[in-house]
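Asks: Provided below are the primary sequence and the corresponding predicted coordinates.
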Amino acid sequence: MSMLPENKATAIASILLCWCWVLTPSASARADETSSSALKTKLVSVSLFKNGLGFVTRAGELPKGASTLLIEALPAPAHGTFWVYSENNEATVKDVVAFESQTVERVEATSVAEMIEANVGQTVDVRLSEKETVRAKISSVAANRVADLPAPDPSGYPYAPYGQAVELASLIVLQSSGKTIALNRNDVQQLSSTEGPLKTAIERKKRTVGLRLNAASPAGGGRVVVQYLAKGITWAPSCAIEISDAKKARVTTKAEIIDEIEDLDDVSVSLVTGFPNLKFADVTDPMAMRGNLATFLNNLSNPAQYADYRGRGDVVMQQAVMDNNRVGREELFPTYATGPQEGQTREELFFYDQRNVTLKKGERGYYPMFTAEVPYEHLYEWKIGDALDEQEQYRNRDEGASEKVEDVWHSIRLTNTSNVPWTTAPALTMQGDKVLGQDLIHYTSVGGKTTVRITKAVDISAEQAEYEVARTRNAANFYGYSYDLVEVRGKLKATNFKDKNITLTITKELSGEVVKTLPAAKVEQTARGLKKVNPKSALTWELPIKPRDTIEIDYSYKVYVRD
């Protein structure tokens, strides 16, 4: 995704990054802050990824002439994604400097210790135990203290200290009957007063970070663009698949936006699908001033890897339904426009466009996307795992053992004949107003196929068994270990108790050399793990089964197993 269009890149001025950890602004900095006016920027667009990140674009009008402007209350951007540039040649950006300042806000006390702090200078009754109460004036309450640390050793990165240590204060000083008493404020059980109500508000210093922008717009009318990738906003797709028709399925998709970053006011939102590589998403940019130099260098050397959305398959969201009112069908099923309002492909990613989004911070939004009618087919799948474990030992089944009952899944295979890709999302399968099941639909390109499970096929009985028919002791030695050569015979049996014909797809994974299959299977060699002595194969059968009929499969293979 290009964050700087080519026609704008020439307008970007050199941005001077402030890499120092600033505890308080200097006197000259405070003077600049006081004399500078605020640059009002408006959020104009945001691209939402599914991992809680949004790429935000803001824009603001510059006053005529040279000016120093303040930009406040921006979220902390991911490293390498923060950019400030002029939108056209009518303005130039000289530099941007990040600074830290403190404001004071009043909050309500929530503990006895904070009530003590709120009533400094007051005469109160301090109860220390059931039998001891002291009437005293609260003289002072100690504040937390930042411990002095030596300058970080550059050779110690990335293991240098993350930040400054804080010594938690617990001291209070009381004046009582001419005596000065020093106490641990955590020892105070109760605070009371006979001289009027106690104060309940305390002052807390709040750290804020701002940006000081030096820019020039000689003729006026110049615009500055601020872009960054930040955490706090995401989108969650889900879809419903209706299969009342025997050949066509209706796939309906919606988006839910979770906004915890800032208010969206008539904003253009792009919902991103695909698998983008955001290597430094968890590294905060230095301009956010969220850590010292050691913290930044440590995070920079160990960036967290982008979490693949496919790992979020257990997320289940409620699927709303609405009256469809289609002729010839009496059903409840969501149906939207027959295509997304707009969308665009950018290399390997697709952007669903959702315009005019208005959402307050903390709100969630529901946005219909599209409905597409696509061809589909019913599948019955039986998947059987490998009998060889990770230690290359065969999980032996005695010849006299009973056959193992297996699960067969009823699934549907859809072909994406729409004009947009389908994103990975929870998928609710329905037939009219009846829910059949829910699964995960995976990313599917235009023209591609995907399989969605509906439910276990309880009317399909499946059994399997494997028997060791021969063993040659110490047949070979691999990597210093002795292996036996085992010949295995397998038997599969499936019965269709449905009142209609089905096609059962059976996939059997095995390690070893396939000797024979009856009926013949499609055999595909799969990748063999490092230092694995046996080839790995996948055997596939696609067999029709008539109602109340039974099929049987025989196969055999040879495999080396550890003693």
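Replies: Good, I have the coordinates.
Asks: would you say residue 294 is within a helix?
Replies: Yes - the assignment for residue 294 by DSSP: H, G, I helix; E, B strand; the rest coil puts it in a helix.
Asks: what number of residues lie near it?
Replies: Using other CB atoms under 10 Å, residue 294 is surrounded by 21 other residues. To be clear about C-beta, it is placed using only N, CA and C from the backbone, and glycine gets the same treatment.
Asks: ok, what's across the strand from residue 374?
Replies: Note on residue 374: beta-bridge partners by DSSP bridges are residue 249.
Asks: Could you shift the numbering so residue one becomes 9, and keep it that way?
Replies: Will do, 9 is the new start, and the previous item becomes residue 382.
Asks: Any chance of the backbone angles for residue 557?
Replies: Phi and psi for residue 557, reported as degrees, to the nearest 10, are phi -100, psi 160.
Asks: Please name the nearest non-neighbouring residue to it.
Replies: residue 504 (5.8 Å; CB to CB, 6 or more residues apart in numbering).
Asks: mind listing what the one you found touches?
Replies: Shown in contact with residue 504 (CB atoms under 8 Å, 6 or more residues apart in numbering): 467, 468, 510, 512, 553, 554, 555, 556, 557, 558.
Asks: Who is it paired with across the strands?
Replies: Residue 504 forms beta bridges with residue 468, as assigned by DSSP bridges.
Asks: ok, which pair from the contacts of residue 504 is furthest apart?
Replies: Using CB to CB, the contacts of residue 504 span at most 14.2 Å, a distance reached by 512 and 556.
Asks: Neighbour count for the two, which is higher?
Replies: residue 512 (21 against 10).
Asks: So the more buried one sits against residue 553, correct?
Replies: Yes - using CB atoms under 8 Å, residue 512 is in contact with residue 553, at 5.7 Å.
Asks: what sits in contact with each of those two?
Replies: 502, 504, 559.
Asks: What strand or helix carries the last one?
Replies: In this assignment (DSSP states H and E), residue 559 forms part of strand 558-570.
Asks: can you pull the pLDDT of residue 163?
Replies: With respect to pLDDT, residue 163 has a value of 41.
Asks: now do residue 76
Replies: According to the prediction, residue 76 has pLDDT 89.
Asks: And residue 156, by the same measure?
Replies: We have a pLDDT of 56 for residue 156.
Asks: Then residue 177?
Replies: Listed pLDDT for residue 177 reads 85.
Asks: Low-confidence stretches in this protein?
Replies: In the prediction, the chain carries residues with pLDDT under 70 at positions 9-44, 154-174, 283, 312-357, 403-412, 536-538.
Asks: mind checking the SS state of the residue nearest the centre of it?
Replies: For the chain, the residue nearest the mean C-alpha position is residue 59 (2.7 Å; CA atoms, centre = their mean). Following three-state DSSP, residue 59 is assigned to coil.
Asks: quick one: it from residue 271, how far?
Replies: Separation of residue 59 from residue 271 (CB to CB, to the nearest Å): 22 Å.
Asks: What is the burial count for residue 390?
Replies: When neighbours are counted by other CB under 10 Å, residue 390 comes out with 20.
Asks: swap that for residue 454, please
Replies: If you count neighbours by other CB under 10 Å, residue 454 ends up with 13.
Asks: wait, isn't it in contact with residue 380?
Replies: No - between residue 454 and residue 380 there is no contact under CB under 8 Å: 10.5 Å.
Asks: Now list whatever residues contact both of these two.
Replies: Between them, residue 454 and residue 380 share the contacting residues 424, 425, 426, 428, judged by CB under 8 Å, 6+ apart.
Asks: Kindly give a single PyMOL line that selects the buried subset of those residues.
Replies: To isolate the buried members of those in PyMOL, using 16 or more other CB atoms under 10 Å:
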select buried, resi 424+426+428
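Asks: Among the shared contacts of residue 454 and residue 380, which one sits closest to residue 136?
Replies: Among those, and counting by CB to CB, the member closest to residue 136 is residue 428, at 70.5 Å.
Asks: Leaving out the residues flanking it, which one is nearest to residue 65?
Replies: Nearest to residue 65 is residue 53, by CB to CB, 6+ apart, at 4.6 Å.
Asks: residues in contact with the one you found?
Replies: Residue 53 neighbours (CB under 8 Å, 6+ apart): 64, 65, 275, 276, 277, 278.
Asks: Without its sequence neighbours, what residue ends up closest to the first one?
Replies: If the residues on either side of it in the chain are set aside, residue 64 comes closest to residue 54, at 5.0 Å by CB to CB, 6+ apart.
Asks: Surely that neighbour touches residue 243?
Replies: No - contact criterion CB under 8 Å: residue 54 and residue 243 do not qualify, at 10.1 Å.
Asks: Return every residue with contacts to both of those two.
Replies: Residues touching both residue 54 and residue 243 (CB under 8 Å, 6+ apart): residue 277.
Asks: Counting neighbours, go ahead and name the busier of those two.
Replies: residue 243 (25 against 22).
Asks: Give me the distance from the helix or strand encompassing that one to the chain's centre.
Replies: Element membership for residue 243 (DSSP H and E) is strand 241-250. Here strand 241-250 is found 14 Å from its chain centre; the criterion is CA atoms, centre = their mean, to the nearest Å.
Asks: Within its sheet, name the partner strands of it and how each one runs.
Replies: By DSSP bridges, strand 241-250 pairs with strand 256-267 (antiparallel), strand 433-439 (parallel).
Asks: For residue 147, find the nearest of those.
Replies: strand 256-267 (47.4 Å).
Asks: Can you mark which positions in the following helix or strand past the closest one are buried?
Replies: Remark: after strand 256-267, the chain's next helix or strand is strand 272-281, criterion DSSP H and E. Judged by neighbour count using 16+ other CB under 10 Å, the buried positions of strand 272-281 are 272, 275, 276, 277, 278, 279, 280, 281.
Asks: Need those in TSV (columns: distance to residue 209).
Replies: Below are these laid out as TSV (distance: CB to CB, whole Å):
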residue	distance to residue 209
272	33
275	37
276	42
277	40
278	44
279	44
280	45
281	49
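Asks: buried ones in stretch 85-101?
Replies: Going by 16+ other CB under 10 Å, stretch 85-101 has these buried residues: 85-95, 98-101.
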